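1. heads up, no residue letters with this:
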């Protein structure tokens, strides 16, 4: 489903609140929220050529949360959570695929001594080189 405006600010805040509630329920007092992009750092752009054109493409950043255990590996029973949508399901799916591949790299996240879950948030946007503007 296409949503031209992506995730509104209110929807993004609600997604974060829902994630926090989920974490508090499933991992009470044993989780930490970590942004991978530092404040003031620009959002990374990723080239992802599509086999078809997107009309009136609007570039909305994706924000995907990944649950990581104390061993530094993604939790196998926790799927990534979309906090901000690109507005395009195909791009959201690709964002999740990119995040899962990156998070699964050996030593991507450091192991820690504490028995807690860390939630790492990836933020990026897609360039869309094969777009068409409608007139």
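-> That came through, no problem. Here the structure is a predicted model, which means the values were calculated and not measured. Numbering: from 1, shown residues only.
2. tell me the mean pLDDT for stretch 104-115?
-> For stretch 104-115, mean pLDDT rounds to 92.
3. other SSEs contacting the longest helix along the chain?
-> As assigned by DSSP state H, the longest helix anywhere in the chain is helix 9-26. Helix 9-26 sits against strand 31-35, strand 81-84, strand 117-127, with contacts defined as 3 or more Cβ pairs under 8 Å, 6 or more residues apart in numbering; DSSP states H and E. (C-beta placed from N, C-alpha, C; glycine too.)
4. which of the residues in stretch 107-116 are buried?
-> residue 109 (16 or more other Cβ atoms under 10 Å).
5. Over to stretch 69-81?
-> Buried, per 16+ other Cβ under 10 Å, within stretch 69-81: 69, 74, 78, 80, 81.
6. quick one: least confident helix or strand in this structure?
-> Within the chain, no helix or strand scores below strand 131-132, which has a mean of 50 by mean pLDDT, DSSP states H and E.
7. returning to what we had before: make a markdown table out of the buried residues of stretch 69-81 and add pLDDT and distance to residue 107.
-> Formatted as a markdown table, the buried residues of stretch 69-81 follow (pLDDT from 0 to 100; distance: Cβ to Cβ, whole Å):
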| residue | pLDDT | distance to residue 107 |
| --- | --- | --- |
| 69 | 92 | 14 |
| 74 | 96 | 13 |
| 78 | 90 | 20 |
| 80 | 94 | 19 |
| 81 | 92 | 23 |
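8. Turn those into JSON lines, including distance to residue 102.
-> Shown next, in JSON lines, are these (distance: Cβ to Cβ, whole Å):
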{"residue": "69", "distance to residue 102": "16"}
{"residue": "74", "distance to residue 102": "10"}
{"residue": "78", "distance to residue 102": "16"}
{"residue": "80", "distance to residue 102": "11"}
{"residue": "81", "distance to residue 102": "15"}
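9. picking that back up, comparing the helices and strands packed on helix 9-26, which gets the lowest mean pLDDT score?
-> strand 31-35 (a mean of 83).
10. Could you identify the helix or strand that succeeds it?
-> Proceeding N to C from strand 31-35, the next assigned helix or strand is strand 44-47, under DSSP states H and E.
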